[in-house]
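Asker: Please find the sequence and the predicted model below.
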Amino acid sequence: MPEDSTRWKTIVPVIEELKDRAKHLGLWNLFLSKCHYPQHGTDFTNLEYAVMAELLGRRGHMASEVVNCSAPNTSNMDVLAKYGTAEQQKQWLEPLLRGEIRSAFSMTERFIASSDATNIRTDFFVFRWISGAGDTHTRVHILMGKSDASNINTREQQSVVLVPADTPGVRVIRLMKVFGYDDAPERHCEIIYDNVRVPASNLVLWWGKGFEVCCFYTRRNAMAYVATDHPRPSRAWSHSPLHACHRCRFSCLGLDVTMSDRPCEEDLRQVPPQARLSHCWHRRSRAEIESSRLLVLSVALQIDNFTAKGTLQEIGIAKFFVPSMALGVIDRASQAYGAEGVCQDQHLAKSWAELRTMRIADGPDAVHLQQVGQRELRRAGEVVERATAIKKKEKEILEKAGLRSKSHSYR
């Protein structure tokens with residue numbers, strides 16, 4: 001990419017070539033399953049997409065774009081496929097599905113805790129951190145704003161509208177950075193919507209349904225993010241200097257040991273503490289990566305069976321667990337590299353910066369953790385009732401057999 005301002009208008013030719021090849025191979029719109037969208041979806045299930053997303057995540061954002069599965073397009077297409085009218089789908093969804101245009105999602109308002117959708121005011125329509133607005137292919141913004149401040153139900157005060165990017169009054173003020181990285185040629189912008197007017201037909205779902213649309217968006221986007229981001233720490237470790245570290249540490253023993261070799265127990269006891277620490281990092285990181293992978297696959301399977309709304313608990317667990325895990329793994333990989341791990345010669349610093357946003361995007365992880373706890377507490381009565389029934393049945397079986405249980409009763 002160029003280093004000057006032209007980087008924001010640069011179109012990478014190989015991306016368009018790879019898109020044509022992906023379409024020819026049928027590797028297109030992999031995220032949109034016919035299980036939920038028979039008209040627009042593909043033949044892949046969410047579980048199958050989760051496996052493919054793991055491979056895409058290893059290669060970063062552009063790999064997902066090649067198969068038309070990059071954010072925020074994926075969740076925006078989900079919204080239009082579920083809630084869009086026939087006219088809206090023809091005008092915006094179909095070009096998005098063909099990969100001809102891109103879209104942006106506008107919700108993060110200045111000076112407002114926008115993670116709670118009921119806080120959105122849009123008094124003067126200045127939005128910051130608008131995902132995808134910087135791309136030259138962006139043609140439509142999905143905007144959530146307050147439409148009925150007098151409604152006593154705070155969850156019915158917002159509405160979602162479709163705003164064409166070239167509408168008079170839509171002004172991109174500046175291009176935002178993430179820990180100093182600009183993610184050109186797309187990603188985040190600060191935008192002012194100054195007296196923007198759109199027809200009533202651009203309303204998504206209905207007046208006052210913005211909160212519902214937003215919740216659907218965040219559920220689907222959260223799953224898409226964890227599916228593509230959980231493999232990135234694995235990539236971090238695959239490029240870590242453990243191979244060189246092991247060879248260096250064992251050289252003091254007169255051994256020539258690589259990652260594939262297995263020194264005997266006696267040799268390992270003689271390994272300096274620094275090398276044993278690297279081993280510990282490697283084992284811990286591998287365990288965390290594998291557990292996250294299984295968690296994501298489990299969530300994808302349950303979405304296939306119960307839809308995203310029926311899998312809120314599992315999505316919430318993945319949303320607060322996977323990003324923190326990924327940051328920890330990349331931090332250890334950076335530590336293994338030393339100074340090289342935090343400079344531009346390695347991808348680790350940028351990967352950490354990008355993944356850090358996942359603890360905020362589509363609901364802060366603290367909110368997901370709180371909601372997971374609330375749902376668990378709501379199950380307390382059901383759990384106690386079931387435990388009591390099991391204890392009663394156990395007692396009946398033991399008494400019938402002439403035995404007596406010594407276990408403590410459930411309370």
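Answerer: Received the coordinates, thanks.

Asker: Let me see the contact set for Gly316.
Answerer: Applying CB atoms under 8 Å, 6 or more residues apart in numbering to Gly316 gives the contacts His368, Leu369, Gln371, Val372, Arg375. C-beta here means a position set from N, CA and C on the backbone, and glycine is covered the same way.

Asker: Narrow those to those in helices?
Answerer: Counted as lying in helices by DSSP state H, out of the contacts of Gly316, are His368, Leu369, Gln371, Val372, Arg375.

Asker: what sits against the first one?
Answerer: So that's His368. Ala222, Gly316, Ile317, Lys319, Phe320.

Asker: and if we set it to 7 Å?
Answerer: Gly316, Lys319, Phe320 (CB atoms under 7 Å, 6 or more residues apart in numbering).

Asker: likewise the third one?
Answerer: For Gln371, the contacting residues are Gly316, by CB under 7 Å, 6+ apart.

Asker: How about the last one?
Answerer: With contacts taken as CB under 7 Å, 6+ apart, Arg375 has the following neighbours: Gln313.

Asker: And for the second one?
Answerer: By CB under 7 Å, 6+ apart, Leu369 lies in contact with Phe320.

Asker: what about it, distance to Val160?
Answerer: Distance from Leu369 to Val160, counting by CB to CB, to the nearest Å: 27 Å.

Asker: ditto for the third one
Answerer: Distance, Gln371 to Val160, by CB to CB: 22 Å.

Asker: if we can go back for a sec, list just the nearest of the ones in helices among the contacts of Gly316 to His137.
Answerer: Within those, distances to His137 taken as CB to CB reach their minimum at His368, with 31.3 Å.

Asker: Okay, the closest one and Glu190: tell me how far apart.
Answerer: His368 is 26 Å from Glu190, by CB to CB.

Asker: quick check, nearest of the contacts of Gly316 to Ala22?
Answerer: The closest of the contacts of Gly316, once distances to Ala22 are taken by CB to CB, is His368, at 32.3 Å.

Asker: And the pLDDT at that closest one?
Answerer: At His368, the predicted lDDT confidence score is 84.

Asker: just Ala244 next, same as before
Answerer: 43.

Asker: quick one: low-confidence parts of the stretch 301-411 of the chain?
Answerer: Flagging of the stretch 301-411 of the chain using pLDDT under 70 yields the residue ranges 405-411.

Asker: in stretch 195-206, what counts as buried?
Answerer: Buried residues in stretch 195-206, counting neighbours by 16 or more other CB atoms under 10 Å, are found at Val196, Asn202, Leu203, Val204, Leu205.

Asker: so the last one touches Cys214, yeah?
Answerer: So the one you mean is Leu205. No. Assessed by CB atoms under 7 Å, Leu205 is found out of contact with Cys214, at 10.8 Å.

Asker: Now do the shared contacts for these two.
Answerer: Taking CB under 7 Å, 6+ apart as the contact rule, Leu205 and Cys214 have no neighbour in common.

Asker: low-scoring pLDDT stretches of this structure, where are they?
Answerer: The low-confidence ranges in the chain, as defined by pLDDT under 70, are 1-10, 108-134, 184-187, 219-278, 405-411.

Asker: Need the single longest strand in it, by residues.
Answerer: Identified as the longest strand of the chain according to DSSP state E is strand 138-146.

Asker: so what strands line up beside it?
Answerer: Sheet partners assigned to strand 138-146 using DSSP bridges are listed as strand 102-106 (parallel), strand 158-164 (antiparallel).

Asker: Could you export the ones you listed as TSV, including distance to Arg283?
Answerer: Below are the strands paired with strand 138-146 laid out as TSV (distance: least, CB to CB, whole Å):
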stretch	distance to Arg283
strand 102-106	39
strand 158-164	46
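
Asker: Those into CSV, with extra columns for distance to Leu355 and mean neighbour count?
Answerer: As requested, these are exported to CSV (distance: least, CB to CB, whole Å; neighbours: other CB atoms under 10 Å):
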stretch, distance to Leu355, mean neighbour count
strand 102-106, 19, 27
strand 158-164, 28, 22
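
Asker: closest to Arg58 out of the ones you listed?
Answerer: strand 102-106 (22.7 Å).

Asker: Only the C-alpha atoms, please, for that closest one, written as CSV.
Answerer: Output in CSV follows, covering the C-alpha atoms of strand 102-106 (Å, rounded to 0.1, in the frame of the first residue of the first chain):
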residue,chain,number,x,y,z
ARG,A,102,-19.7,-2.2,0.1
SER,A,103,-21.6,-0.8,3.0
ALA,A,104,-21.1,0.9,6.4
PHE,A,105,-22.8,0.7,9.8
SER,A,106,-23.4,4.0,11.6
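
Asker: Does Ala50 touch Leu301 like I think?
Answerer: No. Ala50 is not in contact with Leu301 according to CB under 7 Å; the separation is 8.3 Å.

Asker: Out of the strands paired with strand 138-146, which is closest to Asp183?
Answerer: Short answer: strand 102-106, nearest of the strands paired with strand 138-146 by CB to CB, at 13.4 Å.
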